[in-house]
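Asker: Could you work out the structure for the sequence below:
(chains A and B)
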Amino acid sequence: MLEQYERDGNTSAEARSRAGEQAALEIIGLHKRFLYTKNVLTRMLSGTRWVRAVDGVDLRLYGGEVLALVGESGCGKTTLAKLILGLLSPSRGEIRIFDRSPKEHGAELATLLQLVFQQGRSSLNPRKTVGSLLREAIRVHKTDADVAAAVDRVLSLVNLGQEHKERFAHELSGGEAQRVVIARALALNPSILIADEPTSALDVSIQARILNLLARLRRELDLTMLLITHNLGSVRQIADRVAVMYLGLIVEQAATEDLFDRPFHPYSEALFAAVPIPDPLLERKVIVLKGETPSPVDVPSGCRFHPRCPYAREACRKREPVMRELAPNRRVACHFPLNQKDAPL
Amino acid sequence: MAKDMLLEVEKLSTQFALRHSIVRAVEEVDLYVRRGETVGLAGESGCGKSTLARAILQLLPRPGRIVGGEIRLNGTDLLRMSEQELRSIRGSRLALIFQDPSSYLNPTVSIGRQICDVITAHSDVEFREARKQTFELLDSLGIPESRRRFGSFPHELSGGMKQRVLIAMAICAQPQLVIADEPTTALDVTIQRQILELIKEKVIRGGSALLFITHDLSILAEICDRVYTMYAGRIVEYGSAVDFFKNPLHPYTRKLLAAIPRHDLKRPLSEIRGMPPRLDNLPAGCSFQPRCDLAGPRCLRESPCLRELEKDHWVSCHNA
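Answerer: Numbers count the residues shown, from 1 in each chain, chains lettered A, B, ... in the order given. As a prediction, the model looks like this:
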C-alpha cells in the first residue's frame, strides 16, 4: 500500500515563534553533565572532570510539527530525550512543556508526553499480554474511561487486530512489537510523542511500514513529534524540521528540504555525503571525515567540530561559534557556513 | 570452468536439525565470484545470508551442516578437503570480515600480536619481519600511532578501529577472496563511510575479489559489480549492479528498493505486507508468494527456478 505524504499547511516554525505562539516543548540553555572522575583520590590529584553530554541546547517544538534530531552515537540525543521525560534532571537550563516544567506536571506529564523506544520488544513486559499492557497504561492514568473501548481504539490506530490482544511479547514479530509500543504510547492521547530510533532495529520492509504509520498517525491525531534518529532517510520522509546535533550541541537547524538541499554546517554536509544512495549510476561528492567523534570529556577548544572539519581555519580553533540565523528559519553554529554567496564572519 | 572463475557455489544446501524441525537456511544456492570482482549479497535478517558465508568457509555453527552441493575455489572442491587443508586456505586465500569485530578479536591478546599471528601462520617470515609488516599495515589502514597501538588490546579501541584491525587481519595475507559480512552495520554514518572507503581502497583496488553481505542495498549500489538477492534461503535474483538497481525484475527486489527511505529524495515508501517466512516452515510453492501482489495459482503450486530473463540478469519468479 502506498501512502502519500502531504506537506501540511503549517506555517513555518519561525513565523510561529515571531507571532508569539507558545511552543509545545521549549528547551532553553539545557546542560547535562555527568561526573567522570568518580574516584575521590583521582579527583583530588588531577581535578574533577565531567562528561558534557548535553552542552547548551536550545530547541523549540511547535504543536503539530515533526522535528527530527539527528546525530551520531554519543552526541547526546538520548540524554536529551531522557531530560525531556524527566528521567534525568538538568545540570543547568530549563525544559518547558506547555509552559510548565516536567516537575510541575508531575504524574500528568504522561498524558502530555510519551516515548517510543528503540527496542520495541524489550520495553514490553514479557509476562503480560498486549491487551493487559495497554489496559494498564490507560487504567493508571484515567480511572473513569471505558478501558476496553480505548484499547480497541489504539490497536486499530496501529493496524493491529483483536487477536493480538491475547499475545505475549515473544509471540510478536519485530514490527508488531514496535506497533504495540506505539499503541501504548498513544493510549493516553498524548500531544507530544518522542520517538527514539523507532525503526533502527527493523528490516527495511518493516521499517517502511512503521514510518508510514508514524506519518499517518501524526496527520490523523495532530501529533507533535520529536524523532530522534541517525537514519537520515527516514528524516527526509517524515520530518518538517531537522536539528543536527554534534557532541552535545545543536549545530544546525532548518526546514527538512532546505537542510538536505543546501546544508550550511560542514558536519551536516559530511553526514549527508557519507550515507550511501541506492543508485549505482549516481555521481556524487563523497566526504570522508577525519578521525572519530571526540570524547565529551575533552571537548575541543573553539568550534568543537574543528579537528574533523575539512574547512577548519585558525578562527575555528580559537573561538566557539554561536548559533546565528542566516536565513529565515535557518540557524547554524559555524564561523564559515557553506553554500553562502558571501560568507559573513 | 571459465578461466577467470574464482569461487563457484553450486546447489549448496544447509540444514540445522533442531528437536522438532529442520531449518533450511540455505537451499540450492548457486553463486559465483570472478577474480577481482566485487559481488553483493543482499537480504533481510534471517534470509540465510550469513549462513551462506559461513558455509563457504565451512564454519557453520552446530548443529548446522552442509547437506548437498559443491563449493569450488579455483576449481577445487572445498567440501572434499581435509580440515588441515581448509585451515591453510582460510586466512590465506579466503578471508572473512565480520559485523561485530569485538566478538572475533581475542580480548586477551594485543591487536598487533593478533595480526602478526595471521602473517606468520601464512608465510615463512620471522616475528620481527611480521611486526614490521604489521606496523606498515596499521599505518596504511589509518590507525594512528601504529607503534603504540600494536600493544593495545581490543577493549581499548573504538568500534571503527576494531573494524580496521579486522580488515588488517583479513588482507594481510593478500587473499584472493574476502567475504565481508555486514562489516559496517554497527558503525556510525561517518565511520561507516571511512570503513567503506578503506574497503574500496585496500580490498577492491588491492586486487582481491570481495563478497559483500549486507541488508543495506545502498552500499551495494556503490561498490558492487554484481548483486544477488536472497529470500528465505534461496537466491531470487541476480544481475549486474546497474540492471539490478535500474531494472529490478523480482517483485521482492522491486518492493525492497521502493521501501528504502532515501535521504536524497522525498517519496512515498512502499510496504511489503506480512513478514518473511520461518525457515523451518516455508510456504508451498514460491516462498515469497504470501506477500506478493502478483501471486497466481502457479505460484502457490510450484517453486520457481532461476531463469535468465535478460542477458546476465537472472530471476526466479513465474510472473517476472
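Asker: where in the stretch 201-345 of chain A is pLDDT low?
Answerer: Applying pLDDT under 70 to the stretch 201-345 of chain A flags the ranges A:341-345.
Asker: same thing but 80
Answerer: Where the stretch 201-345 of chain A drops to pLDDT under 80, the residues are A:201, A:341-345.
Asker: Single out the residue in it that lies closest to chain B.
Answerer: Chain B sits closest to residue A:233 of the stretch 201-345 of chain A, with a gap of 3.2 Å, by Cβ to the nearest Cβ. (Each C-beta comes from the backbone N, C-alpha and C, glycine too.)
Asker: which ones are touching the closest residue to that residue other than its chain neighbours?
Answerer: Nearest in space to residue A:233, with sequence neighbours left out and distances taken as Cβ to Cβ, 6 or more residues apart in numbering or on different chains, is residue B:261 at 3.2 Å. Listed by Cβ atoms under 8 Å, 6 or more residues apart in numbering or on different chains, the contact partners of residue B:261 are A:207, A:208, A:211, A:231, A:233, A:234, A:236, A:237, B:269.
Asker: one more time with 10 Å
Answerer: A:199, A:204, A:207-208, A:211, A:231-238, B:267, B:269 (Cβ atoms under 10 Å, 6 or more residues apart in numbering or on different chains).
Asker: Can you point out the helix or strand that includes residue A:263?
Answerer: Under DSSP states H and E, no helix or strand contains residue A:263.
Asker: For the closest residue to residue A:305 other than its chain neighbours, grab the count of nearby residues.
Answerer: Nearest residue to residue A:305, sequence neighbours excluded (Cβ to Cβ, 6+ apart): residue A:267, at 5.2 Å. Applying other Cβ atoms under 10 Å in any protein chain shown, we find 26 residues neighbouring residue A:267.
Asker: SS state for residue A:267?
Answerer: helix (DSSP: H, G, I helix; E, B strand; the rest coil).
Asker: now swap in residue A:291 and tell me
Answerer: Applying three-state DSSP: residue A:291 is coil.
Asker: separation between it and residue A:310?
Answerer: Going from residue A:291 to residue A:310 by Cβ to Cβ, to the nearest Å gives 12 Å.
Asker: and what of residue B:167?
Answerer: Residue B:167 is 24 Å from residue A:310, by Cβ to Cβ.
Asker: all helices of the stretch 201-320 of chain B, in order?
Answerer: Here the stretch 201-320 of chain B has its helices, by DSSP state H, counting those that start in this stretch, at B:217-223, B:241-246, B:251-259, B:297-301.
Asker: Buried residues of stretch A:111-125, list them for me.
Answerer: For stretch A:111-125, burial by neighbour count (16 or more other Cβ atoms under 10 Å in any protein chain shown) applies to A:112, A:113, A:114, A:115, A:116, A:117, A:118, A:120, A:121, A:123, A:124.
Asker: Alpha carbons only: can I get it in PDB?
Answerer: Coordinates of each C-alpha in stretch A:111-125 appear next as PDB, following Å, rounded to 0.1, in the frame of the first residue of the first chain:
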ATOM      1  CA  THR A 111      -0.700  12.200  29.400                       C
ATOM      2  CA  LEU A 112       1.100  15.000  27.500                       C
ATOM      3  CA  LEU A 113       4.300  13.300  26.500                       C
ATOM      4  CA  GLN A 114       5.000   9.800  25.600                       C
ATOM      5  CA  LEU A 115       8.100   7.900  24.400                       C
ATOM      6  CA  VAL A 116       8.500   5.200  21.800                       C
ATOM      7  CA  PHE A 117      11.600   3.200  22.400                       C
ATOM      8  CA  GLN A 118      14.100   1.800  20.000                       C
ATOM      9  CA  GLN A 119      13.900  -1.800  21.100                       C
ATOM     10  CA  GLY A 120      10.200  -2.500  21.000                       C
ATOM     11  CA  ARG A 121      10.200  -5.900  22.500                       C
ATOM     12  CA  SER A 122      12.500  -5.200  25.400                       C
ATOM     13  CA  SER A 123      10.300  -2.400  26.600                       C
ATOM     14  CA  LEU A 124       7.300  -4.700  26.800                       C
ATOM     15  CA  ASN A 125       6.700  -6.800  30.000                       C
END
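Asker: any bit of it sitting next to chain B?
Answerer: No: judged by Cβ under 10 Å from any Cβ of the partner chain, stretch A:111-125 makes no contact with chain B; its nearest approach is 13.9 Å.
Asker: just to revisit the earlier point, tabulate the helices of the stretch 201-320 of chain B (TSV), appending mean pLDDT.
Answerer: Converted to TSV, these look like this (pLDDT from 0 to 100):
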stretch	mean pLDDT
helix B:217-223	93
helix B:241-246	95
helix B:251-259	93
helix B:297-301	93
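Asker: With distance to residue A:67 and mean neighbour count as added columns, please give those in CSV.
Answerer: Converted to CSV, the helices of the stretch 201-320 of chain B look like this (distance: least, Cβ to Cβ, whole Å; neighbours: other Cβ atoms under 10 Å in any protein chain shown):
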stretch, distance to residue A:67, mean neighbour count
helix B:217-223, 25, 23
helix B:241-246, 32, 20
helix B:251-259, 24, 22
helix B:297-301, 44, 14
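Asker: touching chain A at all, whichever helix or strand residue B:113 is part of?
Answerer: Assessed by DSSP H and E, residue B:113 sits inside helix B:111-122. No: Helix B:111-122 lies out of reach of chain A by Cβ under 10 Å from any Cβ, never closer than 16.5 Å.
Asker: what sits up against the next helix or strand after that helix?
Answerer: Per DSSP H and E, the first helix or strand lying C-terminal to helix B:111-122 is helix B:127-140. Helix B:127-140 has contacts (Cβ under 10 Å, 6+ apart) with B:111-121, B:123, B:125-126, B:143-147, B:149-150, B:161, B:164-165, B:167-169, B:171-172, B:198, B:201-202.
Asker: what's the helix or strand just after helix B:127-140 packed up against?
Answerer: On the C-terminal side of helix B:127-140, the closest following helix or strand by DSSP H and E is helix B:146-149. Judged by 3 or more Cβ pairs under 10 Å, 6 or more residues apart in numbering or on different chains; DSSP states H and E, the packing partners of helix B:146-149 are helix B:111-122, helix B:127-140, helix B:159-171.
Asker: Pull the residues that contact helix B:146-149.
Answerer: So helix B:146-149 is contacted by B:110-112, B:131, B:134-140, B:143, B:156-157, B:161, B:164-165 (Cβ under 10 Å, 6+ apart).
Asker: Let's see the PyMOL selection covering just the buried ones among those.
Answerer: A single PyMOL command selects the buried members of these (16+ other Cβ under 10 Å):
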select buried, chain B and resi 110+111+112+131+134+135+137+138+143+157+161+164+165
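Asker: dump the residue contacts of residue A:252.
Answerer: Residue A:252 makes contacts with A:70, A:242-246, A:259, A:263-269, A:271, A:323, A:326, A:330-334, A:337, as judged by Cβ under 10 Å, 6+ apart.
Asker: Any of those residues buried? List them.
Answerer: Counted by 16+ other Cβ under 10 Å, those give A:70, A:242-246, A:259, A:263-269, A:271, A:326, A:330-334, A:337 as buried.
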